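Asker: curious how this folds, go ahead:
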Amino acid sequence: MAKESRPPMGFQLLVGFDMTERGEGFSRCELEVEEKHLNPHGVVHGGVVYTLADTGMGAAVYSVLEPHESCATIELKVVYIAPVRAGRLVCESRVLHRGRRVIVLESEVRNGDRLAAKALGTFAVIANSNQGGEDGQ
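Answerer: Purely as a prediction, here's the structure:
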């Protein structure tokens, strides 16, 4: 069951990506490449791709957490496969393993039909002491 979407805020607004789909252990986020996303060489900055993977994985994690749990990124490795200069980036993230304390995920970032990057991440499962939701409230 997909969790209710909320409007873009904070860092998501700054970078300019949209969370377009969330399901059980899955998420998709998308970004239309703009000049602000490019490095001095005219290629999308690696941090933009990393941000899509990290945020997409976080959304996929939240879909498998209990209401009293939250998460934090432990580590994330990105393999940059092809440069991106323009177009739309689509990041699909999937939970590979959900343990009691650790969740392992993968992401693929595509530019059209072209694979731009693959990522593997590990997230910690944290018990909320305040019983808050994904925004800590």
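Asker: only C-alpha atoms for contact and neighbour calcs from this point on.
Answerer: Noted.
Asker: wait, Asn39 sits on Gly47?
Answerer: No: in this structure, Asn39 is not within contact of Gly47 by Cα atoms under 8 Å, at 9.8 Å.
Asker: so which residues make contact with the helix or strand of the chain with the lowest mean pLDDT?
Answerer: The helix or strand of the chain with the poorest confidence is helix 10-15; it has a mean of 72 (mean pLDDT, DSSP states H and E). By Cα atoms under 8 Å, 6 or more residues apart in numbering, the residues outside helix 10-15 that reach it are 18, 37, 48.
Asker: in it, what's buried?
Answerer: Within helix 10-15, the residues scored as buried using 16 or more other Cα atoms under 10 Å are Val15.
Asker: after it comes which helix or strand?
Answerer: Using DSSP states H and E, the helix or strand that directly follows helix 10-15 along the chain is strand 17-23.
Asker: wait, what's in contact with the residue nearest to Leu120 when sequence neighbours are not counted?
Answerer: Nearest residue to Leu120, sequence neighbours excluded (Cα to Cα, 6 or more residues apart in numbering): Glu106, at 4.5 Å. By Cα under 8 Å, 6+ apart, the residues touching Glu106 are 57, 93-96, 118-121.
Asker: what about Glu106, which helix or strand?
Answerer: Taking DSSP H and E as the criterion, Glu106 maps to strand 102-111.
Asker: buried ones in the top helix by length along the chain?
Answerer: Looking across the chain with DSSP state H, the single longest helix is helix 46-62. Residues of helix 46-62 classed as buried: 46, 48-50, 52-62 (neighbour count, 16+ other Cα under 10 Å).
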